[in-house]
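here is my input, please return the structure:
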Amino acid sequence: MQQLPNSLETERLLIQRLKYEDAEEIFYAYASKLEATRFVSWPVHQLVADTNKYLKRAVPAWSAGLAYHYSIRTKEENRLIGSVGVINDGGNIQLGYVMSPTVWNRGYATEAVNDIIKQLVTLEGVYRIWTFVDVENVASQRVLQKVGMVEEARLTKWFRFVNQNNQLKDCVLFRWPKLKE
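So this is what the prediction gives:
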């Protein structure tokens with residue numbers, strides 16, 4: 001797969017390659033917030049050091065072509081409000097995002113995810129774009145439907161969410177339906 005651009009711009013957002021200098025903003029915007037991390041695969045960060053540890057994996061993964069993680073910032077204030085990224089497994093692309101609770105229900109996640117998908121569908125070698133969400137995460141299901149992803153399956157007791165006491169949870173698998181063969 002070709003590389004994604006280092007930065008993207010939408011009507012209201014700046015979507016930029018994550019960098020080490022983002023650590024404190026990431027920590028305070030969403031990584032330390034249990035309500036924001038309830039449905040993610042990684043544990044809520046207790047210290048900025050946890051965020052730095054994450055960045056030490058995420059930043060080099062970009063150069064290796066394994067994962068592309070972006071910060072999401074408001075254009076108006078240049079304030080970090082979330083993150084969107086993809087894991088690349090040889091063209092099989094898993095999408096993920098997390099937003100600060102302070103900006104929920106304003107369409108920012110939809111705007112960012114839509115722009116990432118626009119980029120992914122133009123890249124050579126991408127044959128699948130997918131993600132999964134906890135069945136209780138109705139807001140994310142709406143975001144994914146709005147950008148054009150479709151429900152592929154309901155998966156019973158499929159994933160343990162670390163921030164929900166590692167309980168096995170039912171999940172909804174979504175995929176992008178419009179890739180060229």
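
output the helix or strand where residue 84 lies as PDB, nothing but the C-alphas.
Element membership of residue 84 [criterion: DSSP states H and E] is strand 80-89. Written as PDB, here are the backbone C-alpha positions of strand 80-89 (Å, rounded to 0.1, in the frame of the first residue of the first chain):
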ATOM      1  CA  LEU A  80      -6.400  18.600  19.600                       C
ATOM      2  CA  ILE A  81      -9.800  17.000  20.000                       C
ATOM      3  CA  GLY A  82      -9.200  13.400  19.000                       C
ATOM      4  CA  SER A  83      -7.300  10.900  16.900                       C
ATOM      5  CA  VAL A  84      -8.000   8.700  13.900                       C
ATOM      6  CA  GLY A  85      -5.800   6.000  12.500                       C
ATOM      7  CA  VAL A  86      -5.500   2.800  10.500                       C
ATOM      8  CA  ILE A  87      -3.600  -0.400  10.900                       C
ATOM      9  CA  ASN A  88      -2.300  -1.800   7.600                       C
ATOM     10  CA  ASP A  89      -2.100  -5.500   7.300                       C
END
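
what's in contact with the helix or strand just after that strand?
Per DSSP H and E, strand 80-89 leads on to strand 92-99 as the next helix or strand towards the C-terminus. Strand 92-99 is contacted from outside by 1, 30-31, 36-37, 40-41, 72, 81-87, 108-109, 112-113, 116-117, 120, 126-131, 143, using C-beta atoms under 8 Å, 6 or more residues apart in numbering. No exception for glycine: its C-beta is placed from N, CA and C like everyone else's.

ok, strand 92-99: who's next to it in the sheet?
Take DSSP bridges as the rule and strand 92-99 pairs in its sheet with strand 80-89 (antiparallel), strand 128-134 (parallel).

circling back to that earlier point, and the contacts of strand 92-99, which are buried?
Burial by neighbour count, 16 or more other C-beta atoms under 10 Å: within the contacts of strand 92-99 this picks out 1, 30-31, 36-37, 40, 72, 81-86, 108-109, 112-113, 116-117, 120, 126, 129, 131, 143.

that's all I had, so thanks and see you.
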